[in-house]
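> quick one: sequence plus predicted model below, questions after.
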Amino acid sequence: MIARLNGVSTQLKNMNPWIVSVHCAAHKLALAAFHGAKTMPYLLEMQRTINSVYYFFKYSPTRYQKIRELQAVLGKKVKKFKKPSNVRWLSISEAVDALHGSWGVLIMTLEHEIETNGTSEARGILNKVNNFKFLASLAMLHDVLTVISKLSKVFQKDNIDIDQMNGMITSTKLTLETFINNPGQVLGETLDMIEQTGGQFHGVRVTGINDKQKRDFNSLKKNILKMLSQKLMKDFSLISWIYFSV
């Protein structure tokens, strides 16, 4: 809408140079997260993997039926896999939630598919999702995107309280910085389950639990949390002035 060369705002300003345009804060938050994520190859790889899971089941009622059978046996409710948007990183929140909650059943379904049909596609997805780094990163993103989504909802309110908004921005930044050294709820529960069960999560053995994957994950976690914290301060430090100027 506020594209510099041919956006609606630019076209309106060509007709009336006195028009003041204001970028949607919620959209700006999503774009900040997305463009920051583009600098981290593993996050883009995760997004591609989540897409692969989505398409693997989208056109196959048989595969989804297998998941339902397994969930009935395990007494678990499996959420339908979601497709994350290619341009809004925050849209991945529901996809991450569904995949993390269904991780164990997903692994068992993929293993059954490989054993029954020898599907190379299933084997490729399994190799990407059944390892410590992917599972821990999934849990970390669940915590991070939950916090950012709450901030996004504040931006979308009809009535804006500037003090509340600035307080939420500061609170979100502090929470993200806390996650650098202290895991959020979902990540903490995931790591505890893996440790307490001797390397399992939801009854499934997690592969690749070694020092290298742990170092890689901790490095990724630190980088994404620092990036998001810096983005909040850089892109939203003048939020009060923006809204008071309208």
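The structure has been received and is ready for your questions. Numbering: from 1, shown residues only.

> could I get the buried residue list for stretch 61-68?
The neighbour-count check on stretch 61-68 (16 or more other CB atoms under 10 Å) flags Arg63, Tyr64, Lys66, Ile67 as buried. To be clear about C-beta, it is placed using only N, CA and C from the backbone, and glycine gets the same treatment.

> could you give the separation of it from the chain centroid?
Relative to its parent chain, stretch 61-68 has a centroid offset of 25 Å by CA atoms, centre = their mean, to the nearest Å.

> all strands of the protein, in order?
In the chain, the segments counted as strands under DSSP state E are 200-201, 204-205.

> so what strands line up beside the first one?
I take that to be strand 200-201. Applying DSSP bridges to the sheet, strand 200-201 is found paired with strand 204-205 (antiparallel).

> what sits up against the partner strand?
Outside strand 204-205, the residues within contact range by CB atoms under 8 Å, 6 or more residues apart in numbering are Trp103, Gly104, Ile107, Met108, Asn130, Gly199.

> and if you look at stretch 52-66?
By CB under 8 Å, 6+ apart, stretch 52-66 touches 67, 81-83, 95, 99, 106, 109, 112-113, 121-122, 124-125, 128-129.

> CA atoms only: put that stretch into PDB for me.
Extracted as PDB, the C-alpha positions of stretch 52-66 are listed here (Å, rounded to 0.1, in the frame of the first residue of the first chain):
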ATOM      1  CA  SER A  52       6.600 -29.900   2.100                       C
ATOM      2  CA  VAL A  53       4.700 -31.500   5.000                       C
ATOM      3  CA  TYR A  54       1.600 -29.500   4.100                       C
ATOM      4  CA  TYR A  55       1.600 -30.600   0.400                       C
ATOM      5  CA  PHE A  56       2.500 -34.200   1.300                       C
ATOM      6  CA  PHE A  57      -0.800 -34.600   3.100                       C
ATOM      7  CA  LYS A  58      -3.000 -32.000   1.300                       C
ATOM      8  CA  TYR A  59      -3.900 -34.200  -1.700                       C
ATOM      9  CA  SER A  60      -3.900 -37.600   0.100                       C
ATOM     10  CA  PRO A  61      -6.900 -38.500   2.200                       C
ATOM     11  CA  THR A  62      -5.200 -41.900   2.800                       C
ATOM     12  CA  ARG A  63      -2.300 -40.300   4.500                       C
ATOM     13  CA  TYR A  64      -4.500 -38.100   6.600                       C
ATOM     14  CA  GLN A  65      -6.500 -41.200   7.500                       C
ATOM     15  CA  LYS A  66      -3.400 -42.900   8.800                       C
END
